[in-house]
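**Student:** Need a 3D model of the sequence below.
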Amino acid sequence: MGSEMVLELPLTPPGIAPVDITPAIRQLVEEAGLLEGCVHVLSRHTTTALSINESEARLMDDVRQFLARLAPASDPYLHNDLHLRPAPDGWPGGWAAWAAQEPRNAHSHLLSMLLGNTLTLPVTGGKLALGTWQ
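**Tutor:** Purely as a prediction, here's the structure:
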């Protein structure tokens, strides 16, 4: 039977901002005392994504550039036409308050859909069983 542990991360800068959460997940595995099994990682936000790859600075720059070309923030997305969207029912302060805080982030939603927002990581001998460069 599993248990839920929550990993809260600091806010990232605007734009595409890869963050290596591997050390934090390793720490949670250790704190949980998990010796064998799997860790299921889920992002509960619709504009974030999860991926396993090498965390090397120049590769992260390549990732940012690739994703920016794939879904440019400056493209005209219907989701970003706030004046055509209703505020959620009961939003405090009504439409104007909602629109004032609502980001124009359709590109982030699209990238999250492509990359995915869940991972399952194997644990063996109390350690994440990842590849050398993962």
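**Student:** number of nearby residues for His109?
**Tutor:** His109 has 13 neighbours, counted by other Cβ atoms under 10 Å. C-beta: built from backbone N, CA, C; applies to glycine.
**Student:** can you give me phi and psi for it?
**Tutor:** phi -60, psi -40 (degrees, to the nearest 10).
**Student:** What distance do you get for it to His79?
**Tutor:** 7 Å (Cβ to Cβ, to the nearest Å).
**Student:** ditto for Leu128
**Tutor:** From Leu128 to His79 the distance is 35 Å (Cβ to Cβ).
**Student:** do the same with Gly131
**Tutor:** For Gly131, the distance to His79 - Cβ to Cβ - is 36 Å.
**Student:** Looking at those two, which has the bigger crowd around it?
**Tutor:** Taking neighbours as other Cβ under 10 Å, Gly131 and His79 compare with His79 leading, 15 against 7.
**Student:** number of nearby residues for the residue nearest to the more buried one when sequence neighbours are not counted?
**Tutor:** Excluding its sequence neighbours, the residue lying closest to His79 (Cβ to Cβ, 6 or more residues apart in numbering) is Ala106, at 3.7 Å. By other Cβ under 10 Å, 18 other residues sit near Ala106.
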